[in-house]
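**Q** what's the 3D shape of this:
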Amino acid sequence: MAVLKDVEKEKLRQLFQGLMEPVTLLLFTQETECQFCETTRTMLEEVTALSDKLSLTIRDFVADTNEAERYGVDKIPATVILGAKDYGIRFFGIPSGYEFTVLIQDILGISKGVPGLSEETLTMISAIGTPAHLQVFISPACPYCPSAARMVHQFAMASDHVRGDVVESSEYPHLTVKYNVSGVPHTVINEDHSIVGVLPEKDFAREILKVLGVKWEGADVSVK
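**A** Got it, this is the predicted structure:
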């Protein structure tokens, strides 16, 4: 059964005319597909069929264990978006509802090679020198979640030290318990620091630097 309506496909087809470099969607599922795996696969098949700049690669989470580990995939469905390189951009769960827009924005941004952040934010992100794992828990019906989801992916694209995971909270209830997620968007930085709600990009960058022990004072950066 089709996921996207014909009118949606036509709008995306026109939007994808602006794609510049190829983008690959790498989907991890399994032979006996999970509750949302089949719908996710169908959605990605329909999206990638709309442009010759897009392609879909499907991997079995069980059979392709080494590749799953390589991309840090520990649950399914998992979508990795690849461009000129692996930017560390991940979706865990079906990117539906408001998050579908984030998927499309990610594709466009990666194809054009631009994260879409301000120069000041990019300068702040350049100060990140150690791994920063950002997990933003979202809900497809949450109108505020796309801003947080898109931001962690933009930060991942801007820094080789950042990985941005968008996690659909209802599909992984054990993780909502683990990270004490009671509302969305809820962003976890390196397992032990949480931000509830959406911050402006500069404030979000400042929070990450604080967690990493980097002091930011305008153009001056130092490690505490």
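**Q** so where do the helices sit in the chain?
**A** 6-15, 37-48, 65-70, 99-112, 119-125, 145-158, 173-178, 201-211 (DSSP state H).
**Q** in CSV: those helices, plus mean pLDDT, distance to residue 136 and mean neighbour count.
**A** Quick note: C-beta positions are derived from backbone N, CA and C, even for glycine. Listed next are the helices of the chain as CSV, based on pLDDT from 0 to 100; distance: least, CB to CB, whole Å; neighbours: other CB atoms under 10 Å:
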stretch, mean pLDDT, distance to residue 136, mean neighbour count
helix 6-15, 97, 24, 13
helix 37-48, 96, 18, 19
helix 65-70, 96, 21, 13
helix 99-112, 97, 10, 20
helix 119-125, 96, 16, 17
helix 145-158, 97, 5, 25
helix 173-178, 96, 12, 12
helix 201-211, 95, 10, 18
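**Q** of these, which is nearest residue 191?
**A** helix 173-178 (9.3 Å; CB to CB).
**Q** mind giving me the domain ranges of this structure?
**A** Annotated domains of the chain cover 1-113, 115-212 [automatic domain parsing].
**Q** how long is the shortest one end to end?
**A** End-to-end distance for domain 115-212: 21 Å, by CA to CA, to the nearest Å.
**Q** mind checking how far that domain is from the chain centre?
**A** 9 Å (CA atoms, centre = their mean, to the nearest Å).
**Q** quick one on the thing from earlier: and the helices of the chain as TSV, adding distance to residue 131?
**A** Shown next, in TSV, are the helices of the chain (distance: least, CB to CB, whole Å):
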stretch	distance to residue 131
helix 6-15	33
helix 37-48	27
helix 65-70	16
helix 99-112	21
helix 119-125	13
helix 145-158	11
helix 173-178	19
helix 201-211	11
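**Q** closest to residue 89 out of those helices?
**A** Using CB to CB, the nearest of these to residue 89 is helix 145-158, at 4.8 Å.
**Q** by contact count, what packs against that closest one?
**A** strand 86-92, helix 99-112, helix 119-125, strand 132-138, strand 162-168, helix 201-211 (3 or more CB pairs under 8 Å, 6 or more residues apart in numbering; DSSP states H and E).
**Q** restricting to C-alpha, output the fourth one in PDB.
**A** Coordinates of each C-alpha in strand 132-138 appear next as PDB, following Å, rounded to 0.1, in the frame of the first residue of the first chain:
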ATOM      1  CA  ALA A 132      28.900  14.600  21.100                       C
ATOM      2  CA  HIS A 133      26.100  12.200  20.800                       C
ATOM      3  CA  LEU A 134      22.700  14.000  20.500                       C
ATOM      4  CA  GLN A 135      19.500  12.000  20.800                       C
ATOM      5  CA  VAL A 136      16.300  14.000  20.400                       C
ATOM      6  CA  PHE A 137      13.100  12.100  21.300                       C
ATOM      7  CA  ILE A 138      10.100  13.200  19.300                       C
END
